[in-house]
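K.L.:
I'd like to go over a predicted model; first the sequence, then the structure.
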Protein chains: 2
Amino acid sequence: MKLSSILDTLSVPTLLLDEEKCRQNIRKMLGTAQQAGVAFRPHFKTHQSQEIGQWYKEEGVDKITVSSLQMAEYFAADGWKDITVAFPVNVREIDLINRLASDIQLNLLIENVESVKYLSDKLSHSVNAFIKIDIGYHRTGLDPQDFTTIDAILSAIEGVELLNFIGFLGHAGHSYKVRGKAAIHQVHEESLSAIRPLRTKYQDRFPQLLLSVGDTPTCSWEDQFEGVDEIRPGNFVFYDLAQWRIGACRLDQIAVALACPVVAKHPDRHQLIVYGGGVHFAKDQSMLLDGKTTYYGHLVEEGTSGWQLPNGQNYVSALSQEHGTLTVQPDIFERYEVGDMLVVLPIHSCMTANEMKEYLTLSGHRITRL
Amino acid sequence: MKLSSILDTLSVPTLLLDEEKCRQNIRKMLGTAQQAGVAFRPHFKTHQSQEIGQWYKEEGVDKITVSSLQMAEYFAADGWKDITVAFPVNVREIDLINRLASDIQLNLLIENVESVKYLSDKLSHSVNAFIKIDIGYHRTGLDPQDFTTIDAILSAIEGVELLNFIGFLGHAGHSYKVRGKAAIHQVHEESLSAIRPLRTKYQDRFPQLLLSVGDTPTCSWEDQFEGVDEIRPGNFVFYDLAQWRIGACRLDQIAVALACPVVAKHPDRHQLIVYGGGVHFAKDQSMLLDGKTTYYGHLVEEGTSGWQLPNGQNYVSALSQEHGTLTVQPDIFERYEVGDMLVVLPIHSCMTANEMKEYLTLSGHRITRL
């Protein structure tokens, strides 16, 4: 269906999903993993939808990553049997951990002895444990050379019959802060160089140990993942303006866009006011190319090969709870009337999708999520 | 119940609500309106809960403000009969407008002739119309001296039998950008001075016309609203760190706080990692008193008279989707262990409440919302 035909059917802010682009993104990333000879364990926190999960299953994917035990439960209910919760284990959720572990292969992240001690007392079913390593992002994880703590955790894990150490896991989230292929490559090299020595050091003791890495920017560009066993990118399924700005995707690979009704026009400042605010977009922001103007999304229009940026800057310049303010060029200002729908690419699709809780495909099909 | 007893029962991020503080905030603001001799039409977009709405009803409140037609529908279903949708009318939702207008007194905001023309063709039941005036915020509304447009809208409305002009409405949202009582007072004076002349100009033609204003910062401090008829503050029901920073509330008036499990500790940088990220807090940010450090919430502890800030800066320094990073003082770092719960005051309670979708009172009662 043409985009304009879909827009005609809408009356409130709606998250559009281009299923074809989305499936292409999945196939491309799976191809990257296959050609590099690494396992593909995509992160599902971006889409959080059982139905979109099935699009991966159709391509042969059989193991996934999530970022909460609730997500693990939601996808386990849809038949996924091997799930890594890529978040430091929240021991207060031990009941859910045990319930999940009785049903699926659950892989948890450990980064302190206290968690192991707690699990030691309370686990009723077998779970796998990755040790979380800080490969440069400095959010969570152990310094890869902090062998004192790593060894203490390994010893603690060895004392727990139901906890099986399976390897080291890192997330190069600092790739989100760089721009361009060369900078992404440098993050890639440095983060792999940080985690690889752990295999050398521990492979005699744990010959089967896995090294798991993989964020969307590096996995979008790189074709070699030498010395690691699996990749876990997630955002690539939709991409967004943040990834475009990093240089991880083309504009026409972005698979989601927020459609918003125009409710007011302010000719004196060339601003269009839309129904579509922070509760729809989320408030992730980026910087225009001038390096000083904060913005929250780009107006796009339908081109021959997907989204097209109209000439000049046409962007969401402010968001309040329900209002979005677009500052646009004079020709764009004239083109949109009160009562029209316009379409905006989001800065951070994971967060926008979390707000909207539902997708509408361009063929008019509604897709639910957690 | 003591805060610590409630925390013991939790395993995931949970939005705590101090019902007593909340009811006090409601009573205090109602008292302000009564003493000033203006009507009280509180904005319900902050709490979006039928049950909390009843706390207002118990105090005698009988008319409300919301920011979407969906919210109007939700509160109409709970018996509210006089609802202003303080958002430029979204004509694409005409079916919902007509459904609501058949049941309640619905008051809409108009700021262009196009909307009136659309309503003229499609309205099936009577609705009231405010003309939205820009009283200094410059987000939406007409310049109060743009009589050409105001007159054009008034003429258009007069031609529509089912549309009744009832007055002018403004929102001094720029009060959120100032600091301190004197600056709030200046916004108050300027915004009232902007809207009041419209009564003088139009009272012969519309002797019953209303002037409606009222944001949380000005309504928290001011006791005179000379020349206006009603106030519509909303955030005051919970308050938050943004209001505290503006100077609109004391810390012990803040009625909501997010409880989060500690999942990791990083001694090298005195950081506590919690389960509690952008999908729980939302990503509204503020600046520490140093004027250069962005933060997303303050750690608080239970004091003798409510929330207490521990000594030194202890704040949420970063948020990703599910992770929150707290940067804290050494003594606080030592006090919290992996597996503990900690409590954070949010920057913007409207947005945090929108993420969490549910409240837990300190007596252990769960309250739902839209």
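P.N.:
Yes, it's here.

K.L.:
nearest residue to the residue sitting furthest away from the middle of chain A other than its sequence neighbours?
P.N.:
No residue in chain A sits farther from the centre than residue A:268, which is 39.0 Å out by CA atoms, centre = their mean. Counting by CB to CB, 6 or more residues apart in numbering or on different chains, residue B:143 is the residue found nearest to residue A:268 once chain neighbours are left out, at 7.9 Å. (C-beta placed from N, C-alpha, C; glycine too.)

K.L.:
name the SS class of the residue farthest from the centre of chain A, please.
P.N.:
For residue A:268, the assignment made with DSSP: H, G, I helix; E, B strand; the rest coil gives helix.

K.L.:
how close does it sit to residue A:340?
P.N.:
Residue A:268 sits at a distance of 20 Å from residue A:340 (criterion: CB to CB, to the nearest Å).

K.L.:
with residue A:214 instead?
P.N.:
Counting by CB to CB, the gap from residue A:214 to residue A:340 is 41 Å.

K.L.:
compare the two (neighbour count), which wins?
P.N.:
Between residue A:214 and residue A:340, counted using other CB atoms under 10 Å in any protein chain shown, residue A:214 has the larger neighbour count: 30 against 15.

K.L.:
ok, that one to residue A:83 distance?
P.N.:
Per CB to CB, residue A:214 is found 16 Å from residue A:83.

K.L.:
contact partners of whichever strand or helix holds residue A:83?
P.N.:
Using DSSP states H and E, the element containing residue A:83 is strand A:82-88. Outside strand A:82-88, the residues within contact range by CB atoms under 8 Å, 6 or more residues apart in numbering or on different chains are A:41, A:43, A:62-69, A:71-72, A:75-76, A:100, A:104-112, A:115, A:130, A:132, A:140, A:169, A:171, A:212, A:232, B:263-264, B:273, B:275, B:322-323.

K.L.:
chain B contacts on the stretch 201-350 of chain A?
P.N.:
For the stretch 201-350 of chain A, the residues in contact with chain B (CB under 8 Å from any CB of the partner chain) are A:261, A:263-266, A:268-269, A:273, A:275, A:278-279, A:282-284, A:318, A:320-323, A:325, A:337-339, A:341, A:350.

K.L.:
could you redo the last one with a cut-off of 7 Å?
P.N.:
Applying CB under 7 Å from any CB of the partner chain, we find that the stretch 201-350 of chain A lies next to chain B at A:261, A:263-265, A:273, A:275, A:278-279, A:282-284, A:320-323, A:325, A:337-339, A:350.

K.L.:
which elements pack onto the strand or helix carrying residue A:201?
P.N.:
Applying DSSP H and E as the criterion places residue A:201 in helix A:197-202. Here helix A:197-202 touches no other helix or strand, going by 3 or more CB pairs under 7 Å, 6 or more residues apart in numbering or on different chains; DSSP states H and E.

K.L.:
give me the contacts around whichever helix or strand comes after it.
P.N.:
The first helix or strand that comes after helix A:197-202 along the chain, using DSSP H and E, is strand A:210-213. The contact list for strand A:210-213, computed with CB atoms under 7 Å, 6 or more residues apart in numbering or on different chains, reads A:130, A:135, A:166-170, A:172, A:191-192, A:195-196, A:199, A:227-232.

K.L.:
where does the stretch 201-350 of chain A have low pLDDT?
P.N.:
Low-confidence segments of the stretch 201-350 of chain A (pLDDT under 70): A:305-306.

K.L.:
one more time with 80
P.N.:
By pLDDT under 80, the weakly predicted segments of the stretch 201-350 of chain A are A:304-306.

K.L.:
please, where are all the strands along it?
P.N.:
With DSSP state E, counting those that start in this stretch as the criterion, the stretch 201-350 of chain A has strands at A:210-213, A:230-231, A:256-266, A:271-275, A:286-287, A:294-295, A:297-303, A:306-308, A:315-319, A:323-327, A:341-346.

K.L.:
and the helix or strand harbouring residue A:57, how far out from the chain middle?
P.N.:
Secondary structure assigned from DSSP H and E places residue A:57 in helix A:50-58. Helix A:50-58 sits 16 Å away from the centroid of its parent chain (CA atoms, centre = their mean, to the nearest Å).

K.L.:
output the contacting helices and strands for whatever helix or strand comes next after it.
P.N.:
Downstream of helix A:50-58, the first helix or strand assigned by DSSP H and E is strand A:64-66. Applying 3+ CB pairs under 7 Å, 6+ apart, we find strand A:64-66 packed against helix A:69-76, strand A:82-88.
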